[in-house]
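*Asks:* Here's my sequence, what's the structure:
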Amino acid sequence: MKLNSNHVTYQQADVACSQPQLVLILCDAAIRYVREAVDHLIAGNWADKGKAVDAAFECISQLRLSLDHQNGGEIVENIDRMYDLLSTKLTLGNASRDPNQFNQVIDSLQTLRDAWSELFDRLRIEGKLQEASFMEAAMAR
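*Replies:* Model prediction:
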């Protein structure tokens, strides 16, 4: 099944990529899982919808765990609250079977993903983010 293989792929990816790459992978996976939840909801596939929602929750949980609360200050606290809100919206969408809740989660995750990507690019250009490429990190293991 596609859902399970994608979930395993993102879980294994953290072994072979940098923290910024992992954040983007998790955002992409969460977006994909919420889209799958919408598709399953529309099709009436409740079990598969539940699996997709669970996978999206896991991605968001991992994103929350990746936050550096000691050094991130107010910005990190705000991002953490956003991730919490997204989890709540997933719960509401799942319980009410409301695709609009899921679509709001997708839109917010895409906005966050774009912001993370822009930040990582800017830090890389400024020389403040030294990360190995995916292949270099994989070969170093």
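*Asks:* Do a quick rundown of the helices in this protein.
*Replies:* 2-13, 19-43, 46-65, 69-96, 99-125, 134-140 (DSSP state H).
*Asks:* confidence score at Leu112?
*Replies:* Per-residue pLDDT puts Leu112 at 95.
*Asks:* got the contact list for it?
*Replies:* 27, 79, 82 (Cβ atoms under 8 Å, 6 or more residues apart in numbering). In short, each C-beta sits where N, CA and C put it, glycine included.
*Asks:* could you redo the last one with a cut-off of 7 Å?
*Replies:* Shown in contact with Leu112 (Cβ atoms under 7 Å, 6 or more residues apart in numbering): 27, 82.
*Asks:* Equivalent analysis for the one 5 residues further on, please.
*Replies:* If a contact means Cβ under 7 Å, 6+ apart, then Ser117 has Leu24 as its contacts.
*Asks:* What's the local residue count around Leu86?
*Replies:* Around Leu86 there are 24 other residues, counting by other Cβ atoms under 10 Å.
*Asks:* Ok, Phe120 next?
*Replies:* 18.
*Asks:* likewise Asn100?
*Replies:* 12.
*Asks:* Skip the chain neighbours and tell me the closest residue to it.
*Replies:* Gly93 (7.6 Å; Cβ to Cβ, 6 or more residues apart in numbering).
*Asks:* I'd say that neighbour and Gln101 touch.
*Replies:* Yes: look at Gly93 against Gln101 with Cβ atoms under 7 Å: they come within range, at 3.1 Å.
*Asks:* between the two, which one's more packed in?
*Replies:* Gly93 (24 against 19).
*Asks:* Just list the residues touching the more buried one, thanks.
*Replies:* Neighbours of Gly93 in contact, by Cβ under 7 Å, 6+ apart: 101-102, 105.
*Asks:* ok, Arg113 - contacts?
*Replies:* Counting by Cβ under 7 Å, 6+ apart, the residues that Arg113 touches are 24, 27-28, 31.
*Asks:* And the furthest pair within these?
*Replies:* Maximum pairwise distance among the contacts of Arg113 (Cβ to Cβ): 10.7 Å, between Leu24 and Ile31.
*Asks:* And the residue nearest to the spatial centre of the chain, how far from Gln110?
*Replies:* Against the mean C-alpha coordinate of the chain, by Cα atoms, centre = their mean, the closest residue is Cys27 at 2.7 Å. Going from Cys27 to Gln110 by Cβ to Cβ, to the nearest Å gives 8 Å.
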